[in-house]
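Chemist: Output the structure for:
(one chain, ligands or ions: 3)
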Amino acid sequence: LETKSRLPIIWLHLQECTCCSESFIRTAHPILADLLFNQISLDYTETLMAASGDQAEKCMHDTMEKFKGEYILMIEGSIPTKDEAYCCIGGRSAKQIVEEASAGAKAVVAWGNCASAGCVQAANPNPTGARPAHRIVSGKTVINVQGCPPIAEVMAGVVVHLLTFGTIPQLDSLGRPKAFYSHRVHDTCYRRANFDAGLFVESFDDENAKRGYCLYKVGCKGPSTYNSCGIIKWNEGVSYPIQSGHPCIGCSEEGFWDKSPFYKR
Ligand code: SF4
Ligand code: SF4
Ligand code: F3S
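Modeler: Ligands and ions are numbered 1, 2, ... in the order given. From the prediction side, this is the model:
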């Protein structure tokens, strides 16, 4: 990597909550400072850049012209399609921005469930007509880095893959990098022995919860969720939802807001 020039990046913030960015800036392997100051050139990102208004717009257009075919487009957030007024930035709709910025990109990365599958904005009744990036971008494979948010080191791992190999990583049928999304949360869960033995938490905070039994009967979606939480974990490998006593809610799967037993309208 020391011999390579910094990778130009345009990072869009559309219909999102910014926690994908919050996750990314906490990566420990590699640490963000190394990525940001030595490996990538984050030319445009509404959240972290100092520029605003016309200067910010110029940064994006300069990158699109100067590094055509070389820059990576990273998208955080879903794209509204019902009305151009939703998520209008610099006088252009989110859809126009994505179409324009993806046309000259070397690769397109969709951060999190919002950009990969629509997330909470696309939940029934989806008032803005929220769509994931792969439904708007044409002629290019979109790398769906799933989760709400994705694990910091998974995000950094995808960036490092792009930096090192200059190619799109191997993806599963839903566009997720196989390196991080080929195992179910259930397959790597330390409570799995309890599942196999039929030892379950029956209700939150019961005695079995205190014993650390399996959370399947209180709604755990680990058996149908593909992610690296049981392996890489969160906060530099400290813990993850199940280790904290909460069932997996399937945040790296499409439609988890509508399918989850925890969120009801
Ligand atoms: Fe926030 Fe989740 Fe969307 Fe990321 S995927 S921007 S964490 S709502
Ligand atoms: Fe599977 Fe969830 Fe039970 Fe873990 S807690 S073994 S992921 S059902
Ligand atoms: Fe999400 Fe389940 Fe991991 S809720 S953070 S995929 S344990």
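
Chemist: switch to C-alpha atoms for all contacts and neighbour counts from now on
Modeler: Fine.

Chemist: Relative to Ala107, how far out is Gly166?
Modeler: Computed as Cα to Cα, to the nearest Å, the Gly166 to Ala107 distance reads 9 Å.

Chemist: Output the set of residues of the stretch 101-250 of the chain in proximity to ligand 3.
Modeler: Residues of the stretch 101-250 of the chain found near ligand 3 (Cα under 6 Å from any ligand atom) are Gly147, Asn227, Cys229, Pro241, Ile242, Cys248, Ile249, Gly250.

Chemist: How about the contacts made by the fifth one?
Modeler: Going back to what we said before, that points to Ile242. Ile242 makes contacts with Leu215, Cys248, as judged by Cα atoms under 8 Å, 6 or more residues apart in numbering.

Chemist: The last one too?
Modeler: Gly250 makes contact with Lys221, Gly222, Ser224, Thr225, Phe256, Ser260, according to Cα under 8 Å, 6+ apart.

Chemist: Can you add neighbour count, pLDDT and secondary structure and give those back as TSV?
Modeler: Output for the contacts of Gly250, formatted as TSV (neighbours: other Cα atoms under 10 Å; pLDDT from 0 to 100; DSSP: H, G, I helix; E, B strand; the rest coil):
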residue	neighbour count	pLDDT	secondary structure
Lys221	24	96	coil
Gly222	25	97	helix
Ser224	15	97	helix
Thr225	23	98	coil
Phe256	22	94	helix
Ser260	16	77	coil
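
Chemist: and Asn124, helix, strand or coil?
Modeler: When classified by DSSP: H, G, I helix; E, B strand; the rest coil, Asn124 comes out as coil.

Chemist: Give me the phi and psi for it.
Modeler: phi -50, psi 120 (degrees, to the nearest 10).

Chemist: and if you look at Ile75?
Modeler: According to degrees, to the nearest 10, Ile75 has phi -120, psi 120.

Chemist: can you pull the contacts of it?
Modeler: By Cα under 8 Å, 6+ apart, Ile75 lies in contact with Trp11, Leu12, His13, Leu14, Val108, Val109, Ala110, Trp111, Ala115, Ala133.

Chemist: quick revisit: of the contacts of Gly250, which ones also sit close to ligand 2?
Modeler: With Cα under 6 Å from any ligand atom as the criterion, the contacts of Gly250 include Gly222 near ligand 2.

Chemist: Pick the one among the contacts of Gly250 closest to ligand 2.
Modeler: Nearest to ligand 2, judged by Cα to the nearest ligand atom, of the contacts of Gly250 is Gly222 at 3.7 Å.

Chemist: I figured the closest one hits His183, correct?
Modeler: No: using Cα atoms under 8 Å, Gly222 makes no contact with His183, being 10.1 Å away.

Chemist: before we move on, back to that, inside helices: which ones of the contacts of Ile75?
Modeler: Judged by DSSP state H, the contacts of Ile75 include Ala115 as members of helices.

Chemist: Among the contacts of Ile75, which pair sits farthest apart?
Modeler: Leu14 and Val108 (14.6 Å; Cα to Cα).

Chemist: Is Asp172 in contact with Ala179, as I believe?
Modeler: No: counting by Cα under 8 Å, Asp172 stays clear of Ala179, with 9.4 Å between them.

Chemist: where exactly do the strands run in the stretch 1-150 of the chain?
Modeler: According to DSSP state E, counting those that start in this stretch, the stretch 1-150 of the chain carries its strands in the segments 7-13, 40-45, 72-76, 107-111, 142-145.

Chemist: that older thread, can I get the residues of the stretch 101-250 of the chain next to ligand 3 in TSV with pLDDT, secondary structure and distance to Met49?
Modeler: Formatted as TSV, these follow (pLDDT from 0 to 100; DSSP: H, G, I helix; E, B strand; the rest coil; distance: Cα to Cα, whole Å):
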residue	pLDDT	secondary structure	distance to Met49
Gly147	98	coil	24
Asn227	98	coil	30
Cys229	98	coil	30
Pro241	97	helix	32
Ile242	98	helix	35
Cys248	97	coil	34
Ile249	95	coil	33
Gly250	97	coil	32
